[in-house]
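Asker: Sequence first, then the predicted structure:
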Amino acid sequence: MDDKELDSLFGVNSLDGTSKDDSAGVADARVDSGTSDRLVPSEEIGLSEDKKTSEDEKTSEDEKILKEKKASKDKKNLKDRKASKDKRISEDKRNSVRQNWIEKLKESGDSREKYISGHPEASGISRENMHDVADEKTIADSIHEHRRSIVITAVVILVITMAFLVAFLPAFRVRNVTVDGNVVITDDEILNMTGLTYNAHLMRGVSGNIFDILSLNYGKTERRIMAENPYIENIKISIRIPSTVYIEVTEREKMAYVKTPDGYAAIDRNGIVLELSSGEDSASVRPVICGIQVNGATLGKKISIANTDDFNRAVVVLGAILTADNATVGGDYSLFANTAEVRILPSGFIFLTVYSPSGNKIQVKLKNTEKLNDDMAWLLYAMNANAFDQVTADGTLDMTGDEYIYDE
């Protein structure tokens with residue numbers, strides 16, 4: 001059997017070795033595709049699948065890169081936010097520290113250099129911050145200086161206005177003078193001492209220390225008057241708006257006289273010399289304290305005596321006499337005015353020389369000073385009751401015992 005027969009038997013194309021069935025399949029494939037007359041080789045199908053896989057891989061790689069970029073950006077943003085927060089905290093802390101030093105610097109009142117030199121702990125603050133502190137302190141000082149200038153200007157204007165009103169208003173001219181407390185010295189004498197005249201300015205006599213000036217008192221004038229007149233123990237001169245000067249006087253009260261080498265000195269109960277007299281008329285100088293040694297007497301000063309105890313006993317006796325006079329109601333007789341002498345003896349006895357209403361001189365002997373008030377009250381009662389009117393001569397009255405004994 002030859003080749004053609006074999007081919008015919010097996011249905012094989014002798015030229016290309018392709019079976020009829022295969023050709024028919026290929027033709028069917030063309031017809032079924034309906035889209036292309038061309039056959040798609042298997043290699044192209046594999047290439048397409050590889051290309052798709054490559055594109056998927058490329059897309060996945062891009063997504064990965066994008067994710068990495070996004071993560072890096074988020075990380076950078078987080079880092080930036082943290083740095084910003086740290087910077088803000090650091091700035092707040094620096095501002096707080098700076099503000100603290102500003103307050104300290106303001107309180108100290110020192111220059112920046114002087115303050116830093118005295119506070120080594122300030123070295124932890126930067127020089128820029130300290131410059132800021134100094135600048136802020138300068139600004140604060142400038143504001144304070146401006147406010148102070150405004151206050152000073154306002155005060156100056158107020159003072160000028162007040163001075164103008166005080167200088168020209170009639171309410172600051174003397175129209176009335178009131179004097180209280182004087183007995184020995186007259187109102188006119190006191191007014192002459194002040195130097196005030198009608199229509200004079202009220203502020204004319206205001207003087208002395210700052211307290212006198214602020215209270216509108218005549219402090220300097222008061223001290224001058226007290227130095228010039230020993231009878232004035234104290235004097236207060238003050239202004240009362242409108243147009244009135246008020247003068248309050250406290251006088252010393254003359255209690256007795258003491259004998260001096262040059263005459264007599266009138267003294268008060270504290271021994272202050274009120275008057276100096278060279279007269280020898282005993283009628284005009286009573287009562288006289290005798291039996292004490294006077295070393296010196298200066299007007300307005302306390303007498304200098306050798307024995308202060310004897311002087312104090314004499315003052316006690318005279319005080320009891322004054323108390324009796326002040327306590328008696330009715331009667332024209334004054335025991336104090338009729339007491340001529342108080343004599344202190346070294347033995348301790350005290351002798352009073354008094355005159356009765358009828359003019360008789362009676363020597364009264366005393367010793368116990370504890371019941372002097374009772375003794376003087378009885379003696380004044382006896383005088384007012386004319387108990388000694390029947391006596392025609394001078395006599396003595398012993399009041400040292402429980403019973404009083406009179407002897408001519």
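Answerer: Structure received. Numbering: from 1, shown residues only.
Asker: Strands of this protein, start to end?
Answerer: Taking DSSP state E as the criterion, the chain carries its strands at 176-180, 232-240, 244-251, 256-260, 263-267, 273-277, 288-290, 294-296, 304-305, 339-344, 350-355, 361-366, 395-398, 405-407.
Asker: would you list those strands in a markdown table and tack on distance to Ala327?
Answerer: (C-beta placed from N, C-alpha, C; glycine too.) Output for the strands of the chain, formatted as a markdown table (distance: least, Cβ to Cβ, whole Å):
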| stretch | distance to Ala327 |
| --- | --- |
| strand 176-180 | 25 |
| strand 232-240 | 24 |
| strand 244-251 | 22 |
| strand 256-260 | 20 |
| strand 263-267 | 24 |
| strand 273-277 | 25 |
| strand 288-290 | 23 |
| strand 294-296 | 32 |
| strand 304-305 | 30 |
| strand 339-344 | 16 |
| strand 350-355 | 17 |
| strand 361-366 | 19 |
| strand 395-398 | 20 |
| strand 405-407 | 23 |
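Asker: With Asp80 as the reference, name the closest of these.
Answerer: Asp80 lies closest to strand 232-240 among the strands of the chain, at 79.0 Å (Cβ to Cβ).
Asker: could you check the angle strand 176-180 makes with that closest one?
Answerer: Calculated by axes from the mean of the first three to the mean of the last three Cα atoms, to 10 degrees, strand 232-240 forms an angle of 150 degrees with strand 176-180.
Asker: Domains in this protein, by residue range?
Answerer: Domains of the chain are assigned by automatic domain parsing as 112-167, 175-251, 256-407.
Asker: Any idea how far apart the tips of the last one sit?
Answerer: Same thing as domain 256-407. End-to-end distance for domain 256-407, by Cα to Cα, to the nearest Å: 27 Å.
Asker: Which one, of the domains of the chain, ends up nearest to Glu91?
Answerer: Glu91 lies closest to domain 112-167 among the domains of the chain, at 11.2 Å (Cβ to Cβ).
Asker: and of the strands of the chain, who's closest to Ser60?
Answerer: Closest among those, using Cβ to Cβ: strand 232-240, at 107.9 Å.
Asker: and the angle from that closest one to strand 244-251?
Answerer: 170 degrees.
Asker: Show me where the stretch 251-400 of the chain dips below the pLDDT cut-off.
Answerer: 279-283, 391-393 (pLDDT under 70).
Asker: if we can go back for a sec, Serialize the strands of the chain to a markdown table and add fields for distance to Ala377 and mean neighbour count.
Answerer: A markdown table is the format used below for these (distance: least, Cβ to Cβ, whole Å; neighbours: other Cβ atoms under 10 Å):
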| stretch | distance to Ala377 | mean neighbour count |
| --- | --- | --- |
| strand 176-180 | 32 | 14 |
| strand 232-240 | 28 | 18 |
| strand 244-251 | 26 | 18 |
| strand 256-260 | 20 | 21 |
| strand 263-267 | 25 | 21 |
| strand 273-277 | 28 | 17 |
| strand 288-290 | 22 | 20 |
| strand 294-296 | 31 | 13 |
| strand 304-305 | 29 | 16 |
| strand 339-344 | 14 | 20 |
| strand 350-355 | 14 | 21 |
| strand 361-366 | 13 | 19 |
| strand 395-398 | 15 | 15 |
| strand 405-407 | 17 | 11 |
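Asker: In a markdown table, list the domains of the chain along with distance to Lys70.
Answerer: What follows is the domains of the chain, written out as a markdown table (distance: least, Cβ to Cβ, whole Å):
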| stretch | distance to Lys70 |
| --- | --- |
| domain 112-167 | 40 |
| domain 175-251 | 83 |
| domain 256-407 | 109 |
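Asker: Helices of this structure, residue ranges please.
Answerer: Under the criterion DSSP state H, the chain contains helices at 3-10, 20-33, 42-108, 112-118, 127-168, 187-194, 210-214, 219-228, 308-327, 372-384.
Asker: tell me the centre residue of this protein?
Answerer: By Cα atoms, centre = their mean, the chain has its centre lying nearest to Phe211, at 15.7 Å.
Asker: give the contact list for that one.
Answerer: Residues near Phe211 by Cβ atoms under 8 Å, 6 or more residues apart in numbering: Asn217, Gly219.
Asker: What pLDDT does the model give it?
Answerer: Looking at Phe211, its pLDDT stands at 83.
Asker: now swap in Ile45 and tell me
Answerer: The model's pLDDT for Ile45 equals 53.
Asker: same question, Ala83
Answerer: Here the pLDDT value assigned to Ala83 is 81.
Asker: and if you look at the one 3 residues further on?
Answerer: Here, the pLDDT recorded for Asp86 equals 77.
Asker: Tally up the residues packed near it, please.
Answerer: By the criterion of other Cβ atoms under 10 Å, Asp86 has 10 neighbours.
Asker: before we move on, what about Phe164?
Answerer: Counted with other Cβ under 10 Å, the neighbours of Phe164 add up to 10.
Asker: The strands of the chain: which one's closest to Thr161?
Answerer: Comparison of the strands of the chain against Thr161 by Cβ to Cβ identifies strand 232-240 as nearest, at 19.1 Å.
Asker: chain center to that closest one: distance?
Answerer: 28 Å (Cα atoms, centre = their mean, to the nearest Å).
Asker: for that strand, packing partners?
Answerer: With contacts taken as 3 or more Cβ pairs under 8 Å, 6 or more residues apart in numbering; DSSP states H and E, strand 232-240 sits against helix 219-228, strand 244-251.
Asker: re the thing from before, for Met162, see how far away the residue nearest to the centre of the chain is.
Answerer: 19 Å (Cβ to Cβ, to the nearest Å).
Asker: on that earlier part again, may I see the helices and strands packed on strand 232-240 arranged in CSV, with distance to Lys75 as well?
Answerer: Shown next, in CSV, are the helices and strands packed on strand 232-240 (distance: least, Cβ to Cβ, whole Å):
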stretch, distance to Lys75
helix 219-228, 87
strand 244-251, 92
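Asker: Any stretches of the stretch 101-250 of the chain with poor pLDDT?
Answerer: In the stretch 101-250 of the chain (pLDDT under 70), the answer is 101-140.
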